[in-house]
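Undergrad: predicted model and sequence follow; I will ask about them next.
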Amino acid sequence: MRVIVDGDLCTGHGRCYALAPDVFGPDDYGHCTVVTQATGDGTVALSFEAQARVGRDSCPERAITITD
């Protein structure tokens with residue numbers, strides 16, 4: 001599973017990293033980033049897929065995309 005955050009859409013509500021802190025975190029401005037449990041290309045380990053989906057589904061701007 002690959003997780004992509006559209007920085008142009010994210011406004012920093014923080015729901016994603018509040019609900020899925022092992023997958024998402026804030027940058028210096030409070031906008032969403034994919035954190036250390038993901039590889040550099042946004043690929044998330046199988047054990048974090050459920051959290052990634054929760055974070056995506058909680059985003060009011062729909063700034064998070066997941067591809068399988």
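TA: Arrived safely, thanks for sending.
Undergrad: show me where the protein has strands.
TA: 2-5, 24-26, 32-34, 64-67 (DSSP state E).
Undergrad: right, and the ones you listed - which one's nearest Thr11?
TA: strand 32-34 (9.5 Å; Cβ to Cβ). C-beta here means a position set from N, CA and C on the backbone, and glycine is covered the same way.
Undergrad: what strands line up against that closest one, and which way round?
TA: strand 24-26 (antiparallel) (DSSP bridges).
Undergrad: residues in contact with the strand it pairs with?
TA: Residues outside strand 24-26 that contact it (Cβ atoms under 8 Å, 6 or more residues apart in numbering) are 5, 12, 14, 16-17, 32-35, 55, 64.
Undergrad: tabulate the residues you listed (JSON lines), appending distance to Phe48 and pLDDT.
TA: JSON lines is the format used below for the contacts of strand 24-26 (distance: Cβ to Cβ, whole Å; pLDDT from 0 to 100):
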{"residue": "Val5", "distance to Phe48": "15", "pLDDT": "94"}
{"residue": "Gly12", "distance to Phe48": "22", "pLDDT": "95"}
{"residue": "Gly14", "distance to Phe48": "18", "pLDDT": "96"}
{"residue": "Cys16", "distance to Phe48": "13", "pLDDT": "96"}
{"residue": "Tyr17", "distance to Phe48": "13", "pLDDT": "94"}
{"residue": "Cys32", "distance to Phe48": "15", "pLDDT": "95"}
{"residue": "Thr33", "distance to Phe48": "14", "pLDDT": "92"}
{"residue": "Val34", "distance to Phe48": "10", "pLDDT": "90"}
{"residue": "Val35", "distance to Phe48": "10", "pLDDT": "85"}
{"residue": "Gly55", "distance to Phe48": "10", "pLDDT": "97"}
{"residue": "Ile64", "distance to Phe48": "13", "pLDDT": "97"}
